[in-house]
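# Build me a model from this:
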Amino acid sequence: MADSRRPLLDDVSDSEEDVVPQPPQDAALRRAQQEVDGVKQVMRNNIGKVLERGAKLDQLEEDAEALRDGAAAFHRQSRKLRRQMCWQNARTNVIVGCLALALLIIAIVVGVHKHHKNNPSTPAPP
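Numbers count the residues shown, from 1 in each chain. Okay, the predicted model is just below:
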């Protein structure tokens, strides 16, 4: 009987590895695979965050450029407005000065005319 079973047993290897898998190796392999999966997930998250950060930086750069352009336009417009206001102020001052001079001349002419009317013996200036 032992001889009849012998050929069946010869086909199977004698090592314990082939018959029963060793739990510590399987557990270590599963742990390693879980760690690899965890690291892959962390890397995917990091890549996603880097892409989001890049998009935000691009948007920030565009906003900064728009602000620079707006600031330059504001500066040009404010200089132009300042010049316009200076010229308007100068024109107003000239007009007020001319009016004051005209009033002064009128007052002098009226004063001289009254003086001549009251004192006809004084010769009129040439």
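# burial measure for H116, as a count.
Neighbour count of H116, defined by other CB atoms under 10 Å: 14. (Each C-beta comes from the backbone N, C-alpha and C, glycine too.)
# cool, and Q88?
There are 10 residues near Q88, going by other CB under 10 Å.
# V96 versus that one, what's the distance?
13 Å (CB to CB, to the nearest Å).
# Please apply the same query to Q77.
28 Å.
# swap in F74?
32 Å.
# and if you look at Q33?
Q33 is 92 Å from V96, by CB to CB.
# do E52 as well
63 Å.
# ok, now D26?
102 Å.
# cool, and H113?
For H113, the distance to V96 - CB to CB - is 26 Å.
# can you check H116 too?
31 Å.
# Low-confidence regions, this protein specifically.
For the chain, applying pLDDT under 70 flags the ranges 1-24, 120-126.
# which residue ranges form the helices in this protein?
Ranges of helices within the chain are 2-11, 16-19, 23-118, based on DSSP state H.
# so how far is the longest one off the chain centroid?
Read it as helix 23-118. Its chain's C-alpha centre and that of helix 23-118 lie 11 Å apart, by CA atoms, centre = their mean, to the nearest Å.
# Start at 758, not 1
With the count now opening at 758, the last piece we talked about shows up as helix 780-875.
# Now do it: which elements does it pack against?
Other elements packing on helix 780-875 under the criterion 3 or more CB pairs under 8 Å, 6 or more residues apart in numbering; DSSP states H and E are absent; no helix or strand qualifies.
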